[in-house]
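Chemist: Have a look at this prediction, sequence included:
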Number of protein chains: 2
Amino acid sequence: MGTSRKRVTKLRPIEDRGRIYIENVTPAVDAGRYRTKAQVGVALPVAADVLRDGHDLLRAVVRFAPRKARKWGEAELTYDALGDRWHGAFAATAVGLWKYEVEAWTDRFGTWRRDLEKRAAAHQDLDVELEVGAELIEARAKKATKTTRAVLATALKNIRAKKHTGEGPTDSRVQAALDDALLAAMRALDPRTDSVTSPTLELTVDRKLGVVGAWYEFFPRSTGERAGEHGTFRTAIERLPHIASMGFDVIYLPPIHPIGTAHRKGKNNTLIADKHDVGSPWAIGSKAGGHTAVHPDLGTLADFDAFVRAANGENLEVALDFAVQCAPDHPWVKQHPDWFQHRPDGSIRYAENPPKKYQDIYPIDFDTKDKQGLWNALRDVLAFWVSHGVKVFRVDNPHTKSFAFWEWAIDSLKADNPELVFLAEAFTRPKVMATLAKLGFTQSYTYFTWKNTRWELEAYLRELVGEHANYFRPNFFANTPDILHEYLQTGGAAAFRIRLALAATLSPTYGIYSGYEFYENVPLREGSEEYLDSEKYQLRQRPLDAKGSLVPMIRTLNETRRAHPCLESLTNLVFHHADKDAILTYSKRTGDDCVLVVANLNPHSVEEATVHVDLSALGVSPSRPYQVRDVLSNDAHLWQGGANYVRLSPEHPVHVFHVTQS
Amino acid sequence: MGTSRKRVTKLRPIEDRGRIYIENVTPAVDAGRYRTKAQVGVALPVAADVLRDGHDLLRAVVRFAPRKARKWGEAELTYDALGDRWHGAFAATAVGLWKYEVEAWTDRFGTWRRDLEKRAAAHQDLDVELEVGAELIEARAKKATKTTRAVLATALKNIRAKKHTGEGPTDSRVQAALDDALLAAMRALDPRTDSVTSPTLELTVDRKLGVVGAWYEFFPRSTGERAGEHGTFRTAIERLPHIASMGFDVIYLPPIHPIGTAHRKGKNNTLIADKHDVGSPWAIGSKAGGHTAVHPDLGTLADFDAFVRAANGENLEVALDFAVQCAPDHPWVKQHPDWFQHRPDGSIRYAENPPKKYQDIYPIDFDTKDKQGLWNALRDVLAFWVSHGVKVFRVDNPHTKSFAFWEWAIDSLKADNPELVFLAEAFTRPKVMATLAKLGFTQSYTYFTWKNTRWELEAYLRELVGEHANYFRPNFFANTPDILHEYLQTGGAAAFRIRLALAATLSPTYGIYSGYEFYENVPLREGSEEYLDSEKYQLRQRPLDAKGSLVPMIRTLNETRRAHPCLESLTNLVFHHADKDAILTYSKRTGDDCVLVVANLNPHSVEEATVHVDLSALGVSPSRPYQVRDVLSNDAHLWQGGANYVRLSPEHPVHVFHVTQS
């Protein structure tokens, strides 16, 4: 057998991680690869595993600051023995990028104090142990403030007293050592000598509109005064007071740029347009300009500026559409041929999903050798509109463009304009939608339109309120120019009422595309989700209002959203049981504010059911009655206990109850 | 309104992550903060999310190599559309540290091929598209090998043929383009131009004994020939053939070092020892030496070396105990007073868990200023025993010593001796036990001893086979010198049979402490898990064998473990239903090899039940009978279908069935 090899290995700092291990800090997106999202002024719960060898007590805080700040704030974490986990929270006070981390250290004084209490209870000899504590106090006293110094001095005198009264726990020296003021002073003066800090995580702090908002999508070109007359920004301005009066926050416009003429689509997406056809706004670019130009028929850039000002005057923000694609007559096609893919015969490759062809659109080649030129140009398109007062962008099909571009462009723009909001319009595989949200999109379109049964809605919402919610914010559009769901096609007015109420109360951000308020429900053909005579290819003048429209209900729901803070949160959603499958029941509660929604998902008939609400989720005591007042009908009922009867008809298919208990 | 700000932002490499995003690579422990564990030669399943914008096809591989190697191996990952995830596996071919990562790139040829097929099916004009493919082939042909060059040349000629036969899919050019040999050649030559690689993860590859083994714990000092005579390594050598004949792999010895005399504990842990008392081996150190010395009563270091040689000759490995603590007369106490904590009165702080006191032991102060000296010395203790042929260490209470020390020491030792095995003896909070496993311990004691009902066992095992299994390897000891569970105290011989069979078949690594084979079950007092007349404080001579002992059953179980590879895996465990709570049913299957265990957990009476086995888990066809042969009784039965009758008595409480179907 050999003999032991002696060697002295120097400890490198990285090898001595200290005695405390901080693990599984939440929220964290992919362990910190991506940023967590938060809303300014809203508390973000933070938790961590904090582990140390032995039995010493620990203390932990979450530290937080704007990303470039040197001075950190901190909030204490408290230990939950059941889950062996530390919990706390902090609220960012400004929009922009923030950082946060967990710091923990051994609570030497607290440990000594706990042990002293046990030793005293066991009537052990305490002379030496009291001196251990006295030395700890003495050491911290050097850095004490005026007030704490007095507390420490008194404690020291009493702990070191030669004469003491009592025995064991009643020993006057022990009493002095266990004094609460001493504990507070010692905690404040803790030098955190063995402090360990978790990796630093990053946080995107968005303004409220990034999280909470009601969106209204509309085509300015349809605001012409007479049928067939192309609307302008000037005619569109006249619609703004009406839209504002419905309580919307965002008015979203499809692309406002010149529309290509080559291969222009005709009405109902036909391949050949006649000379009066206005074309699809998503076929961007013509001789009149590209992504930074305004369609001449809509007016001038100055008209657009006026539209933005008018909207802002009505407390509406303007959201623009950003579609990275070019009509064959877009100026870039000649200026930057290298931004497009060429085929061996010299032709530019148009958009395809074989065997489907989209000859009116050229996709951008993100593999271009001029990547820097392209990325800058695209980013500058957005910067251009930001300089014209636009702070909200709805991005068309981001999942068919380079993910890395989005990550770079959104970062780059939000560095100067942290108030920007980017909505991802990607209807694709869930993991791709999640990744777009992770890499920077503020909020995302969802599968909401296709979730119409109770089971579908409950399952989908459970997914959205899980870990997803750390970075993925849903925007529940009830319809879009591309999606007229069969449920709306066949469910009559009741279907529109139901879906509107669900969208407005399930998600902090929701929207409708104009025409919804008039129950527009005729599909291009059976089995299609496209509208007949779709506004994507032609003008669709609509009256300002019409009898029996959904306008009053929209107004009430948007007022309710403003009156009830509980509707501004997603993760406070709780589902309740009803004894009929057609009845969906859920509540949201924040502090004292609670809304309970009971919806009959069957648009064709009356449903009666007993709903079984979880009273603790409502914050209601089971021993007293509580009031549920329907904000839609203004009817109020006194309920008691969990089981209650409801009856919902197609005319009044949804209760949106404000829950109170006196 | 302002005008657009023009600026050219240079793209830094970090901002262009490429078009492919690789996420959620598994296995990964805390996103790569800790190493995954694997067994040499055993396939490790790897999976990842691989995401790219658009609709192009992707390819992905897992790359792997010893940590310092420059040349990587790789294995293809395949796409599972259901989970939108890529799967593959690799097996490390040597022990030590390895690295692995996932690489993915756009499958340009595969994408072109897929699209061509669709275009052909739609009878589109293919001339230009065929040329696109031809150019792709031409580009790769430059790097072709002799064989692939011929394949490419033929394909090129046929794809570019002016004359072609057929139409659409039957077009001879299309046929040439879709040729399988061409596909294989193009895949092999793929230049992976837009390849992206995940962060590199690390893997600890252990030898088989780190994963699979049967352990036998015994005190050499109890092998004296006559009652009261202190055994030696020489007398212990005589026991080795018997222990080997039971089929064990590891013989684990409690500390073999000189035992302190100051405050030595007497029999049954009494505070005062008489002069004949041998003391606890965990009170390490006396004038005769410390952690690198051998207790004089056991013999010399040369005797120990002889013991190791003799054990190895019987195919047994010797495991030593590593307990970081010192008796008051340990040489370090005088040599390194700064390694211990001193109280204000100058005394050294002995071990305590207030109000409990352990005056016979001084704990090490890991906050010593001589941290480097201490860490080196402790590491060198282990290195000393490694140099004496010890490759397996059972570490006593690692959770009361600095975690960072273990991380450093295990790394440091395994760098030179990757075959080392460290077993953590920590019975504490689950997160602490998990962290010890993460930071380097090869395997861990568990809560198995306290899980005795079907519900407890099923729930605990489900936890162990989850994500835990990437780094936490259980060692199921049926008893230890500290743990004689009430189940064994009161369940008679049946309890010993049941727990032995469960330990040996549930976990790839298990063990017993000697005396188990003789059903030793008398506690110190009622309610205690300590043994009466515990061997920790006195000698306990035992016969080599005795009639009716468990020795034959132990031998059969260890033979069965060797004969059935399915018992070498933990994560292949499947529980089956039985219609009686006392009946625990589970199977393990690896390839064709399948073992099914049916255990009556009630040691007091006969239980009859119908077990409902999941035939697909057994790899058995439901349409034919299958044979179950009990390796313990050698009885065989023909079963058909899932539901089968069992009857298990206290005399034969467990079936360990080998399942076959002809």
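Modeler: Arrived safely, thanks for sending.

Chemist: alpha carbons only for contacts and neighbour counts from here, please
Modeler: Noted.

Chemist: packing partners for whichever helix or strand residue A:384 is part of?
Modeler: Assigned by DSSP states H and E, residue A:384 belongs to helix A:371-386. Under the contact definition 3 or more C-alpha pairs under 8 Å, 6 or more residues apart in numbering or on different chains; DSSP states H and E, helix A:371-386 sits against helix A:403-416.

Chemist: who touches the next helix or strand after the helix it packs on?
Modeler: Using DSSP H and E, the helix or strand that follows helix A:403-416 in sequence is strand A:421-425. Here strand A:421-425 makes contact (C-alpha atoms under 8 Å, 6 or more residues apart in numbering or on different chains) with A:209-210, A:391-398, A:410, A:436-437, A:441-445.

Chemist: Next, the angle from strand A:421-425 to helix A:403-416.
Modeler: Taking axes from the mean of the first three to the mean of the last three C-alpha atoms, to 10 degrees, one finds that strand A:421-425 is oriented at 160 degrees with respect to helix A:403-416.

Chemist: pLDDT of strand A:421-425, averaged?
Modeler: Mean pLDDT, computed over strand A:421-425, is 98.

Chemist: Quick one, grab the pLDDT at residue A:13.
Modeler: 65.

Chemist: Same question for residue A:226.
Modeler: Residue A:226 is assigned 89 on the pLDDT scale.

Chemist: neighbours around it, how many?
Modeler: Residue neighbour count, defined by other C-alpha atoms under 10 Å in any protein chain shown, stands at 10 for residue A:226.

Chemist: ok, now which ones touch it?
Modeler: Contacts for residue A:226 (C-alpha under 8 Å, 6+ apart) come out as residue A:541.

Chemist: so which strand or helix has it?
Modeler: Short version: residue A:226 belongs to no helix or strand, going by DSSP H and E.

Chemist: Flag every buried residue along the helix holding residue A:384.
Modeler: For helix A:371-386, the neighbour count (16 or more other C-alpha atoms under 10 Å in any protein chain shown) marks A:371, A:373-386 as buried.

Chemist: The following helix or strand past it near chain B anywhere?
Modeler: Later in the chain than helix A:371-386, the nearest helix or strand by DSSP H and E is strand A:392-396. No - if you take C-alpha under 8 Å from any C-alpha of the partner chain as the test, strand A:392-396 misses chain B, and the best it gets is 13.2 Å.

Chemist: circling back to that earlier point, so how far is the helix holding residue A:384 from its chain's centroid?
Modeler: Centroid separation between helix A:371-386 and its chain, computed with C-alpha atoms, centre = their mean, to the nearest Å, is 25 Å.

Chemist: orientation of that helix relative to strand A:392-396 in degrees?
Modeler: Angle, helix A:371-386 to strand A:392-396, by the same axes, to 10 degrees: 140 degrees.

Chemist: Please save the CA atoms from helix A:371-386 in PDB.
Modeler: C-alpha atoms of helix A:371-386 as PDB (Å, rounded to 0.1, in the frame of the first residue of the first chain):
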ATOM      1  CA  LYS A 371     -28.000  41.600 -41.000                       C
ATOM      2  CA  GLN A 372     -26.800  44.700 -39.200                       C
ATOM      3  CA  GLY A 373     -28.400  47.000 -41.800                       C
ATOM      4  CA  LEU A 374     -31.600  45.100 -41.800                       C
ATOM      5  CA  TRP A 375     -32.000  44.900 -38.000                       C
ATOM      6  CA  ASN A 376     -31.200  48.600 -37.700                       C
ATOM      7  CA  ALA A 377     -33.700  49.500 -40.300                       C
ATOM      8  CA  LEU A 378     -36.500  47.500 -38.800                       C
ATOM      9  CA  ARG A 379     -35.700  48.800 -35.300                       C
ATOM     10  CA  ASP A 380     -35.700  52.400 -36.800                       C
ATOM     11  CA  VAL A 381     -39.200  51.900 -38.200                       C
ATOM     12  CA  LEU A 382     -40.400  51.300 -34.700                       C
ATOM     13  CA  ALA A 383     -38.300  54.200 -33.400                       C
ATOM     14  CA  PHE A 384     -39.800  56.400 -36.100                       C
ATOM     15  CA  TRP A 385     -43.300  55.800 -34.900                       C
ATOM     16  CA  VAL A 386     -42.300  56.100 -31.300                       C
END
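
Chemist: List, one by one, the residues from the stretch 151-300 of chain A near chain B.
Modeler: With the criterion set to C-alpha under 8 Å from any C-alpha, the stretch 151-300 of chain A never comes near chain B.

Chemist: which residues touch stretch A:319-336?
Modeler: Applying C-alpha under 8 Å, 6+ apart, the contact partners of stretch A:319-336 are A:250-255, A:259-262, A:282-287, A:289-290, A:339-340, A:360-364, A:378, A:382, A:390-397, A:401.

Chemist: Go ahead and confirm residue A:440 touches residue A:406.
Modeler: Yes - if you go by C-alpha atoms under 8 Å, residue A:440 and residue A:406 touch, sitting 7.3 Å apart.
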